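**Q** Return a 3D structure for these sequence lines:
(one chain, ligands or ions: 2)
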Amino acid sequence: MPAFGIQTRTREEAMDQAMLSVVRAVEAGATTMKGVIDATGLSRLKIERALAALEKQKLLVRDGQGFRATGLPRTAPNPRQCGSCNACCDILEVAAVDKPVNQLCRHWQAGTGCTIYASRPQMCRSFACAWLQGHLDDAWFPAKSGIVVHFSQDAVNVTVDDDCPDRWREEPYFSKLAEWSMNGIRRIGNRGYATLVVSSENRFLLLGRTVVPDPTPSGTAFLPLTPDTFRFWRATSPEHLQRLHERIAEIERIRQEFGSCAIPPNEDDDPVPPYRPALLRLSNHA
Ligand code: SF4
Ligand code: SF4
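**A** Ligands and ions are numbered 1, 2, ... in the order given. Model prediction:
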């Protein structure tokens, strides 16, 4: 979707990953904090720090127009270019041009590309998928994989082409998504993130290698079964989520105390406190 910026090895070596991601987003057209968050998935705090460091090095200026990269050496072509790919103009939802998911944008024309390129919306200018940003290897090139991965503030978003709706379950894709999901789950207290898959009409939340179909807006409570699989319960309300978390905390306490704890068998059961006596009875620890 975007014309993409250029970098040199020297510049990469001089910056940490957050700074580099911010520079790439700004070069790709992001001029506002929201644009940079959408393009990088970094927290506001990390972006602020990266912006301050880049300003100090006179590699970026902030003015009334927003952020602008400046004085950046532009000698070597970026190894990653959109090239023949137009997956984000086809697979992703682009609200600014009323484009639904998995429908080619009406502004796209074969042989021409984006027919409104000079005036395309900001969200198109600032967009850079995770492959383009260099986070994924070439098996993930969206035109080939049929999978577009992009970051938002709290999520890794995975959108799959309708022509291959189960591709994300295949390798090498699934293991990588499971790995990212585990990283998002483990970053407790340091901005965890969700890993979400949109495929045809279906939505999935990944908990490591466990796939949660149709996650509810109220949230999903989960309990580790193995290092990368989980038992989960989908909450029907914020209060339900709270109760599920309380019960999970009790299960964890009993596990620590007795070495094991039975897990209530019914996925959709609505737990009723107090949990401890019932869990101890179920576990034969009473
Ligand atoms: S999906 Fe990624 S590689 Fe493909 S056109 Fe969009 S930004 Fe470029
Ligand atoms: S306006 Fe449409 S064709 Fe142009 S970059 Fe945006 S999504 Fe792609």
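**Q** Tell me where the protein has helices.
**A** For the chain, applying DSSP state H gives helices covering 9-14, 17-27, 33-40, 44-56, 87-90, 122-126, 142-145, 173-186, 238-258, 275-282.
**Q** other SSEs contacting the fourth one?
**A** Helix 44-56 makes packing contacts with helix 17-27, helix 33-40, strand 60-63 when contacts are defined by 3 or more CB pairs under 8 Å, 6 or more residues apart in numbering; DSSP states H and E. Backbone N, C-alpha and C define where each C-beta goes, glycine included.
**Q** which ones are touching residue 225?
**A** Contacts of residue 225 were listed using CB atoms under 8 Å, 6 or more residues apart in numbering, and they are residue 231.
**Q** got the helices of the chain as a markdown table, with mean neighbour count and mean pLDDT columns?
**A** Converted to a markdown table, those look like this (neighbours: other CB atoms under 10 Å; pLDDT from 0 to 100):
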| stretch | mean neighbour count | mean pLDDT |
| --- | --- | --- |
| helix 9-14 | 12 | 42 |
| helix 17-27 | 23 | 78 |
| helix 33-40 | 22 | 81 |
| helix 44-56 | 16 | 85 |
| helix 87-90 | 22 | 96 |
| helix 122-126 | 20 | 88 |
| helix 142-145 | 19 | 96 |
| helix 173-186 | 18 | 93 |
| helix 238-258 | 16 | 94 |
| helix 275-282 | 16 | 91 |
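**Q** Quick one: those as TSV, columns for distance to residue 208 too.
**A** Output for those, formatted as TSV (distance: least, CB to CB, whole Å):
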stretch	distance to residue 208
helix 9-14	31
helix 17-27	23
helix 33-40	24
helix 44-56	25
helix 87-90	26
helix 122-126	31
helix 142-145	21
helix 173-186	5
helix 238-258	16
helix 275-282	24
